[in-house]
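A.B. asks: Generate a structure from the sequence data that follows.
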Amino acid sequence: MAILATAERLLADRTLREISINDLARGAGISRTAFYFYFASKDAVLLALLDSVVNEALTAHGDVLDHLAEDPRARWREAIKAFYKTFRSHRAVILACWQVVRTNAEIRRLRDTVMEGRVQATATAIEAERARGAAPAGLPARDLAVALNSMYERVMLGTVADEGPALADSDVVDVLVEVCLMSIYQTTSPC
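C.D. replies: So this is what the prediction gives:
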């Protein structure tokens with residue numbers, strides 16, 4: 001949709017607050033009145049953008065964690081990379097959402113829902129790896145999943161936002177995979 005594409009393009013140079021409804025409508029080739037046919041506000045546009053980015057990441061991720069037994073290192077790498085690559089390619093949207101996550105209840109709710117889904121998927125994968133004997137018993141799987149996913153989010157955000165200290169873009173996935181493997185398997189070479 002042209003409004004979403006316009007918003008993402010404008011967010012690369014301006015904050016959501018600095019972008020007007022007129023900017024969005026003009027960029028989409030529609031009138032201000034027509035804009036309101038599609039969206040109630042700029043916040044609704046941002047929410048739709050975030051929802052689209054999340055769906056892209058989830059699609060890229062797919063059911064990779066259901067296939068850990070094939071090659072744990074490669075599957076965890078695919079899972080982590082799917083989110084990082086998608087979020088990196090939509091940097092402006094992620095940064096705009098992060099700026100308002102504490103004040104925008106809908107953005108926060110979507111972020112929390114996605115995070116809970118990632119935590120559940122990770123905990124299920126950890127439990128499955130323990131059940132097949134590939135990972136040793138340890139912290140409760142959910143606790144470990146919360147810590148890992150919170151770390152992934154913060155590390156990815158720090159790099160995407162160019163905050164210091166941060167990992168180099170080329171190192172993010174490698175570092176997160178190593179930490180993941182050590183945390184779950186207590187080795188970086190699981191079988």
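A.B. asks: Mind checking what helix or strand follows the longest helix seen in the chain in sequence?
C.D. replies: The helix of greatest length in the chain, counted in residues with DSSP state H as the criterion, is given as helix 105-131. Moving toward the C-terminus from helix 105-131, the next helix or strand (DSSP states H and E) is helix 141-160.
A.B. asks: And the contacts of that following helix?
C.D. replies: With Cβ atoms under 8 Å, 6 or more residues apart in numbering as the test, helix 141-160 has contacts from 80, 83-84, 87-88, 91, 94-95, 98, 115, 118-120, 122-124, 126-127, 130, 138, 163, 165-169, 172, 175-176, 179-180, 183-184. Glycine gets a C-beta too; all of them are placed from N, C-alpha and C.
A.B. asks: Can you give me the buried ones in that helix?
C.D. replies: Residues Ala141, Leu144, Ala145, Val146, Leu148, Asn149, Tyr152, Glu153, Val155, Met156, Thr159, Val160 are the ones in helix 141-160 that count as buried (16 or more other Cβ atoms under 10 Å).
A.B. asks: now swap in stretch 96-109 and tell me
C.D. replies: So, applying 16+ other Cβ under 10 Å, buried residues of stretch 96-109: Ala96, Cys97, Gln99, Val100, Val101, Asn104, Ile107.
A.B. asks: Tell me the one of those residues nearest Leu47?
C.D. replies: The closest of those to Leu47 turns out to be Ile107 (Cβ to Cβ; 6.0 Å).
A.B. asks: In CSV, list the buried residues of helix 141-160 along with pLDDT and distance to Asn55.
C.D. replies: Compiled in CSV, those are given as follows (pLDDT from 0 to 100; distance: Cβ to Cβ, whole Å):
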residue, pLDDT, distance to Asn55
Ala141, 98, 26
Leu144, 98, 26
Ala145, 98, 21
Val146, 98, 23
Leu148, 98, 22
Asn149, 98, 18
Tyr152, 98, 18
Glu153, 96, 17
Val155, 98, 22
Met156, 97, 17
Thr159, 97, 22
Val160, 96, 18
